[in-house]
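J.: Structure for the following, please:
(4 chains)
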Protein chains: 2
Amino acid sequence: MADGVVERSRPRDRILETAQDMFHRHGIKGVGVDAITEAAGTNKMTLYRHFESKDELIIECLRATAAKASRIWDEFEAQHPGDKLAQLHAWVHKASELLSADSRGCDMANAAVELSESDHPARRVIKELKEAQREKLVALCRDAGIGQAELLADTLSLLLEGARVSMQSVGAEGPSAQFVRMAESLIASFRAR
Amino acid sequence: MADGVVERSRPRDRILETAQDMFHRHGIKGVGVDAITEAAGTNKMTLYRHFESKDELIIECLRATAAKASRIWDEFEAQHPGDKLAQLHAWVHKASELLSADSRGCDMANAAVELSESDHPARRVIKELKEAQREKLVALCRDAGIGQAELLADTLSLLLEGARVSMQSVGAEGPSAQFVRMAESLIASFRAR
DNA sequence: TCTGGAAGTTACAGATCGGTAACACCCTAG
DNA sequence: CTAGGGTGTTACCGATCTGTAACTTCCAGA
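T.: Numbers count the residues shown, from 1 in each chain, chains lettered A, B, ... in the order given. Model (predicted):
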């Protein structure tokens, strides 16, 4: 998991996994392809045989992290089959785990901040993936029997997004420390309407 | 205001103002000192006579934007002297104006995302400035007679922070479009307690 | 055992980065 | 008029960046 250590798997997979990790920790513009390939135990030529550019690699990394996040939703369904309200609380709990200590926040949001060029190819991918996540949360709120499902989902989204970026400014002892409390009382208040 | 246009003032001021604008629009790592000085109608040597490094320039820019934001609070007091609740609503309204169309979000939060090195000199400045802003909002909530002032202030902070970063991912039609509604109903619910 | 493709290696191109040295210029205070 | 500080100009340093060329090595499947 550390930069230089590499378990033997196919170079493409190692590059993707290593790039995800390094982009997350050091930022996209803070990591060069040389550093990625070296940490992945391979070389630059192999990277460019599998990804046509750094931008393509960035996009593949974002898709991979989104897919990973998507799998968590399957856990919610597995842990609380049919109980959508319990799944919503599981979402809150899982979200709070993202707010530990030295978190670097959401890769997609961070990428949107870093890649300021409005026509960067990653931007539309970010938008698509974020919108898909939003619709999942809206559906969960609606299926949990909450009236204003969209509004609750959007509020929870903004709270989490804010908490994840706030952590990077002021740390885990800042406003984000109250995330669970905020989210839970929000859900309660929406259920009471 | 555009990149190349420059009204005649002292080089240091032009550099600072231009750097603020370019850092905001293109990101810190997306702008080189050459581009800044050229847009400011001066040259690199003059920049380094006034700022000992790019990092120092970054810090001065953050302080300048924070000072600008701080002046807005004086407007609140001027517009609604003594009426802290009205000032809180003015804060919500002013915050919503930050969520228009192609906003690039909060410079300090963006800088915290971009400058991932944990010992970067700008990080402690960001933390200080953000904490000062937080305390201002807490004080405003408390003086407006709200019981759980810290919790309301932190919730509003996270909502705004989330809205500003969400805009950069999914645009102004995303969850951030409901910011005013969320904030106002939050304030109402806290006042009712 | 042979072979073909994937992977590794080295070197390089061309650009940009932050930062500095040396020197010419201009404008204002004395 | 003169001296000096702020400014502009040019050239450069060493490092790093994305991306490519040419060549060698390795290994698995037929």
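
J.: State the helix or strand in which residue A:89 lies.
T.: Assigned by DSSP states H and E, residue A:89 falls within helix A:84-97.

J.: The helix or strand following that helix close to DNA strand C?
T.: Following helix A:84-97 in sequence order, the next helix or strand is helix A:107-114 (DSSP H and E). No: using C-beta under 7 Å from any atom of the strand, helix A:107-114 stays clear of DNA strand C, with a minimum separation of 14.5 Å. The way it works is simple: take the backbone N, C-alpha and C, and place the C-beta from them, glycine included.

J.: Please tell me how far residue A:160 sits from DNA strand C.
T.: Using C-beta to the nearest atom of the strand, to the nearest Å, we find residue A:160 at a distance of 32 Å from DNA strand C.

J.: related to what we said a few turns ago, what average pLDDT does the helix holding residue A:89 get?
T.: The average pLDDT for helix A:84-97 rounds to 98.

J.: for stretch A:62-73, same thing?
T.: For stretch A:62-73, the per-residue pLDDT averages 97.

J.: could I have that stretch exported to CSV, CA atoms only?
T.: In CSV, the C-alpha atoms belonging to stretch A:62-73 read as follows (Å, rounded to 0.1, in the frame of the first residue of the first chain):
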residue,chain,number,x,y,z
LEU,A,62,-12.3,8.6,-11.0
ARG,A,63,-14.4,5.8,-12.5
ALA,A,64,-12.6,3.3,-10.3
THR,A,65,-13.2,5.2,-7.0
ALA,A,66,-16.8,5.8,-8.0
ALA,A,67,-17.2,2.1,-8.6
LYS,A,68,-15.7,1.4,-5.2
ALA,A,69,-18.1,3.8,-3.6
SER,A,70,-21.0,2.2,-5.4
ARG,A,71,-20.2,-1.2,-3.9
ILE,A,72,-20.8,0.3,-0.5
TRP,A,73,-24.4,0.8,-1.4
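
J.: Now it: buried residues?
T.: For stretch A:62-73, burial by neighbour count (16 or more other C-beta atoms under 10 Å in any protein chain shown) applies to A:62, A:65, A:66, A:69, A:73.

J.: wait, doesn't the first one sit right on residue A:129?
T.: Put plainly, it is residue A:62. Yes: Residue A:62 is in contact with residue A:129 according to C-beta atoms under 8 Å; the separation is 6.5 Å.

J.: Name the residues contacting each of these two.
T.: Any residue near both residue A:62 and residue A:129 by C-beta atoms under 8 Å, 6 or more residues apart in numbering or on different chains counts here, and that gives residue A:108.

J.: between the buried residues of stretch A:62-73, which is closest to residue B:52?
T.: residue A:62 (36.9 Å; C-beta to C-beta).

J.: Secondary structure class of the closest one, three-state.
T.: Look at residue A:62: counting by DSSP: H, G, I helix; E, B strand; the rest coil, its state is helix.

J.: quick one: it from DNA strand C, how far?
T.: Counting by C-beta to the nearest atom of the strand, the gap between residue A:62 and DNA strand C amounts to 22 Å.

J.: still on that earlier bit, indicate whether the helix holding residue A:89 makes contact with chain B.
T.: No: Helix A:84-97 does not reach chain B (C-beta under 8 Å from any C-beta of the partner chain); its nearest approach is 12.0 Å.

J.: Would you mark the buried spots in that helix?
T.: Neighbour-count burial for helix A:84-97 [16+ other C-beta under 10 Å]: A:84, A:85, A:87, A:88, A:89, A:90, A:91, A:92, A:95, A:96.

J.: So which elements touch it?
T.: Contact here means 3 or more C-beta pairs under 8 Å, 6 or more residues apart in numbering or on different chains; DSSP states H and E; on that basis helix A:84-97 packs against helix A:54-79, helix A:121-143, helix A:149-170, helix A:179-192.

J.: wait, which of these is closest to residue B:121?
T.: helix A:149-170 (14.9 Å).

J.: Just want the angle from that closest one to helix A:121-143.
T.: Between the axes of helix A:149-170 and helix A:121-143, defined by axes from the mean of the first three to the mean of the last three C-alpha atoms, to 10 degrees, the angle is 130 degrees.

J.: got the buried residues of helix A:84-97 as JSON lines, with distance to residue A:149 columns?
T.: Shown next, in JSON lines, are the buried residues of helix A:84-97 (distance: C-beta to C-beta, whole Å):
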{"residue": "A:84", "distance to residue A:149": "11"}
{"residue": "A:85", "distance to residue A:149": "12"}
{"residue": "A:87", "distance to residue A:149": "13"}
{"residue": "A:88", "distance to residue A:149": "10"}
{"residue": "A:89", "distance to residue A:149": "15"}
{"residue": "A:90", "distance to residue A:149": "17"}
{"residue": "A:91", "distance to residue A:149": "13"}
{"residue": "A:92", "distance to residue A:149": "15"}
{"residue": "A:95", "distance to residue A:149": "17"}
{"residue": "A:96", "distance to residue A:149": "21"}
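
J.: now, which of those residues sits nearest DNA strand D?
T.: DNA strand D has its nearest neighbour among the buried residues of helix A:84-97 in residue A:95, at 31.2 Å by C-beta to the nearest atom of the strand.
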